[in-house]
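Asker: Give me the fold of what follows.
(2 chains)
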Amino acid sequence: MFGKKNKNMIRPTMEDHIVDTFSWVFCILLFIVTVYPFYYVIIMSLNDGVDALRGGIYFWPRKFTLDNYTQFLNDAKWITAIGVTVAKTIVGTTLTVLFTCMVAYGLSHEGLLFRKFYNIILLICMYFSGGLIPYYLVLRAYGLLNTFWVYVIPTMFSTYYCMLAISFFRDIPADLKESARLDGANELTIFLRIILPLSKALLATLALFAAVGQWNAWSDTAFYAPGNKSLRTLGYLMREVIIQNQVDTSSRQAMMHASQHSTVTATSVQMAAMIIAVLPIMCVYPFLQKYFVKGIMLGAVKG
Amino acid sequence: MKRPSSTLREFRRQYSMHIFVWCGMLFLLLFSLIPMLGIVIAFNNYKIKTGFAGMLQGPWVGFKNFADFLNHRKFGVLVRNTLSISVLKLIFAFPLPIFFAIIITEMKGKIFKRLVQTASYLPHFISWTIVAGILHAFFSTNTGMLNELLINLGVITDPIPVLISEEWYYTLAVVSEMWKETGWNAIIYLAAIAGIDPTLYESAQIDGAGRIKRIWHITLPCILPTISVLLIMQIGYLFGANFDQAMLLGNNLNLARSEIIEVFVYNLGLNQGRYSLAAAAGLFQSVISLILVIVANNVSRKLSGASLF
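Answerer: Alright, predicted model coming up:
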């Protein structure tokens, strides 16, 4: 496609020009396609729901209101869900990061005996699994189903994060550990006081991945805790609402009529819920970006 | 070879390391290895009331569950959906990150480049739940913004039922996947491009190669091993589609196209309690995936020298 054009263009400056323009146009389009949907959801969440049914809102709210948010936040069901989601994100992320790093630190020890055996177990668990059904039955046998712990204990260790952490810890100079050992520190102290503070990039990457996973998850509730209403998470409730709205084909007039005594509609509250669900991610992620790009590379190059 | 006594001494010196490792091994035993053993229920007729121990006992039925799955009235549809969605993703969504990585490397504006990159990773961190909500905001037949805009412009008279019709589901699945993952998947190619020796470009420039020739003859060959490895992995995923996506974008109205093997396993096992049949369906899928990876790996090693293992 470009090759033919290239033959006609004799001056390289002209070709430069085309490549530059093309890359600008492509990137601007991509930027709009990525960012505008989020922007649109924001303005819709800030617009009167019934007014929004008239359509024509593309750039800014027409009838500004916070009703969608107050409606959403006054619903006890959603408040419980936010609480559960925050709790499982904090507890789950802390457990995953600390436990996985601890195991990885042990495995990264130079001259570790039985390393081959440990690595084989790790690789088997990385590439094979019993599948959903046996896993479910095992969690059931452990009595974890429909408890809060089912959110945070089975995710405590990840073979993939462990591999990332091992390659990271191997790069920490052995002298540091050796000198601490000579000063009489035990291994747990060395791990907590020396290794972890030196591994901020790793911790940030793993924490971001683990936290986003916990925050976004809906299937853990659907699979392992569907019977306990007080354990419903944001993701799980959101899925229920969205699926319901998806197949709702009632006309705009019917919707306006149905909500004539109110300023909100199912759609407009859904927009507010979506913004609340993505807000934490949007706030944290730009700051952690430089870490996770580095973290991924680490895995890609050595893994 | 070390003498046993020196091994023992070495072990004593590093025993706390082994305690750390054993914590992890215990976890893997409980949450990974025991569930793997549990796959035996695919070969018996497991009843939930026999409890945990019942998984390893009887009545053994051999491959009957697999035969039941292969003869299930949904089998053909499930395989068709799973394979079609994956193959379409491989054709349309796989090359896009490569293209995007090359374009972004050619970009001159530093600040805008950074902005585009940051924005492009964002959808990866957003759950499929939110993506489904966004799609609803744009494509819903009653409140969808794009449908409304197109009607107002007179392009269409009736809203396009993107989210609720069988005909649109494959397109929806592929395009939404592209929207969500292109930027993220480009990271690995960006790193590969950044690792190319810049003198290659300089000497090519001196020899009179233009930008496009440099991309074609230097950038692409240099990232070919990366492309091969990712392609092998992708082929390994061919016999499995995205469960989250299918559960969020699938509904009663497009079920004939959106139901994939994973969804079937979930509904049959966790909702209907037919554990053995569901486990057999899951195992069937895993075994085929494993075969696909091994074949793709060997083909790639023979053709280009790049392989996963």
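Asker: Indicate the residue of the stretch 101-250 of chain B located nearest to chain A.
Answerer: Using Cβ to the nearest Cβ, B:Ser127 is the residue of the stretch 101-250 of chain B that sits closest to chain A, at 3.4 Å. C-beta: built from backbone N, CA, C; applies to glycine.
Asker: got the phi/psi numbers for that residue?
Answerer: Dihedral angles of B:Ser127 (phi, psi; degrees, to the nearest 10) stand at phi -70, psi 160.
Asker: check contacts around the residue lying closest to it once chain neighbours are set aside.
Answerer: The shortest distance from B:Ser127 to any non-neighbouring residue, by Cβ to Cβ, 6 or more residues apart in numbering or on different chains, is to A:Asn216 (3.4 Å). Contacts for A:Asn216 (Cβ atoms under 8 Å, 6 or more residues apart in numbering or on different chains) come out as A:235, A:281, B:125-127, B:129-130.
Asker: Tell me where the stretch 201-309 of chain B is predicted with low confidence.
Answerer: Within the stretch 201-309 of chain B, the stretches with pLDDT under 70 are B:308-309.
Asker: Residue in it with the shortest distance to chain A?
Answerer: B:Gly282 (3.6 Å).
Asker: The closest residue to that residue other than its chain neighbours: neighbour count?
Answerer: Closest residue in space to B:Gly282, ignoring its immediate chain neighbours: A:Gly131 at 3.6 Å, by Cβ to Cβ, 6+ apart. Per other Cβ atoms under 10 Å in any protein chain shown, the neighbour tally for A:Gly131 reads 25.
Asker: and what of the one 4 residues further on?
Answerer: The local packing of A:Tyr135 (other Cβ under 10 Å) involves 23 other residues.
Asker: That one reaches B:Ile34, doesn't it?
Answerer: No - using Cβ atoms under 8 Å, A:Tyr135 is not in contact with B:Ile34; the gap is 9.4 Å.
Asker: Where does pLDDT dip in chain A?
Answerer: Where chain A drops to pLDDT under 70, the residues are A:1-12, A:249, A:257-261, A:294-303.
Asker: Just give the nearest non-adjacent residue to B:Ser18, would you?
Answerer: One correction, residue B:18 is His, not Ser. A:Gly106 (6.8 Å).
Asker: if we can go back for a sec, any idea how far the residue nearest to B:Gly282 is from B:Ser286?
Answerer: With distances taken as Cβ to Cβ, to the nearest Å, A:Gly131 is found 6 Å from B:Ser286.
Asker: Tell me, how many residues neighbour the residue nearest to B:His18?
Answerer: A:Gly106 has 25 neighbours, counted by other Cβ under 10 Å.
Asker: for it, helix, strand, or coil?
Answerer: Assigned with DSSP: H, G, I helix; E, B strand; the rest coil, A:Gly106 falls in the helix class.
Asker: again, but for B:Ala306
Answerer: Applying three-state DSSP: B:Ala306 is coil.
Asker: dump the residue contacts of it.
Answerer: Contacts of B:Ala306 were listed using Cβ under 8 Å, 6+ apart, and they are B:224-225, B:228-229, B:232, B:300.
Asker: Let me see the domain layout of chain B.
Answerer: Domain assignment of chain B by automatic domain parsing yields the ranges B:4-56, B:64-304.
Asker: Determine which stretch of these is the most buried.
Answerer: domain B:64-304 (a mean of 18; mean count of other Cβ atoms under 10 Å in any protein chain shown).
Asker: ranges for the strands of chain B?
Answerer: Secondary structure of chain B (DSSP state E): no strands located.
Asker: Correction: the previous question concerned chain A.
Answerer: Counting by DSSP E, chain A contains no strands.
Asker: Tell me who's in contact with the spatially most central residue of it.
Answerer: With distances taken as Cα atoms, centre = their mean, the residue of chain A nearest its centroid is A:Val212 (2.4 Å). Neighbouring residues of A:Val212 by Cβ under 8 Å, 6+ apart: A:281, A:285, B:125.
Asker: so B:Tyr189 makes contact with B:Phe99?
Answerer: No - counting by Cβ under 8 Å, B:Tyr189 stays clear of B:Phe99, with 9.3 Å between them.
Asker: near chain B at all, stretch A:275-282?
Answerer: Yes - remark: stretch A:275-282 sits within contact range of chain B at A:277-278, A:281-282, by Cβ under 8 Å from any Cβ of the partner chain.
Asker: Buried residues in that stretch, which are they?
Answerer: The neighbour-count check on stretch A:275-282 (16 or more other Cβ atoms under 10 Å in any protein chain shown) flags A:275-278, A:281 as buried.
Asker: so how far is it off the chain centroid?
Answerer: Distance of stretch A:275-282 from its chain centroid, counting by Cα atoms, centre = their mean, to the nearest Å, is 10 Å.
Asker: Return that stretch as CSV; C-alpha atoms alone will do.
Answerer: Only the C-alpha atoms of stretch A:275-282 are listed here, as CSV (Å, rounded to 0.1, in the frame of the first residue of the first chain):
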residue,chain,number,x,y,z
ILE,A,275,-18.1,6.8,36.7
ILE,A,276,-17.9,5.8,40.4
ALA,A,277,-16.5,2.4,39.4
VAL,A,278,-13.8,3.7,37.1
LEU,A,279,-12.9,6.8,39.1
PRO,A,280,-10.4,5.1,41.5
ILE,A,281,-8.6,3.4,38.5
MET,A,282,-8.4,6.7,36.6
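Asker: From one end of stretch A:196-205 to the other, what's the distance?
Answerer: End-to-end distance of stretch A:196-205: 13 Å, with Cα to Cα, to the nearest Å as the criterion.
Asker: Check whether stretch A:54-64 comes into contact with chain B.
Answerer: Yes - with Cβ under 8 Å from any Cβ as the criterion, chain B is reached by stretch A:54-64 at A:55-58.
Asker: Hmm, I typed the wrong one, I wanted stretch A:164-182.
Answerer: No - against chain B, stretch A:164-182 shows no contacts by Cβ under 8 Å from any Cβ, the least distance being 9.8 Å.
Asker: Flag every buried residue along that stretch.
Answerer: For stretch A:164-182, the neighbour count (16+ other Cβ under 10 Å) marks A:164-169, A:177, A:180 as buried.
Asker: Pipe these into CSV and attach distance to A:Ile79 per row.
Answerer: Listed next are those as CSV, based on distance: Cβ to Cβ, whole Å:
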residue, distance to A:Ile79
A:Leu164, 36
A:Ala165, 36
A:Ile166, 41
A:Ser167, 42
A:Phe168, 39
A:Phe169, 41
A:Lys177, 47
A:Ala180, 46
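Asker: Wait, A:Leu53 touches B:Thr143, no?
Answerer: Yes - applying Cβ under 8 Å, one finds A:Leu53 in contact with B:Thr143, separated by 6.7 Å.
Asker: By proximity to chain B, which residue of the stretch 151-300 of chain A wins?
Answerer: Closest point on the stretch 151-300 of chain A to chain B, by Cβ to the nearest Cβ, is A:Asn216, at 3.4 Å.
Asker: Give me every residue in the stretch 201-309 of chain B lying close to chain A.
Answerer: Residues of the stretch 201-309 of chain B lying near chain A (Cβ under 8 Å from any Cβ): B:208, B:210-213, B:216, B:243-244, B:247-248, B:251-253, B:262, B:265-266, B:269-270, B:275, B:278-279, B:282-283, B:286.
Asker: Of these, which belong to helices?
Answerer: Counted as lying in helices by DSSP state H, out of these, are B:211-213, B:243-244, B:247-248, B:262, B:265-266, B:275, B:278-279, B:282-283, B:286.
Asker: Show residues contacting stretch A:46-55.
Answerer: So stretch A:46-55 is contacted by A:44, A:57, A:61-68, A:252, A:255-256, A:259-260, A:262-265, A:267-269, B:143, B:145, B:148, B:152 (Cβ under 8 Å, 6+ apart).
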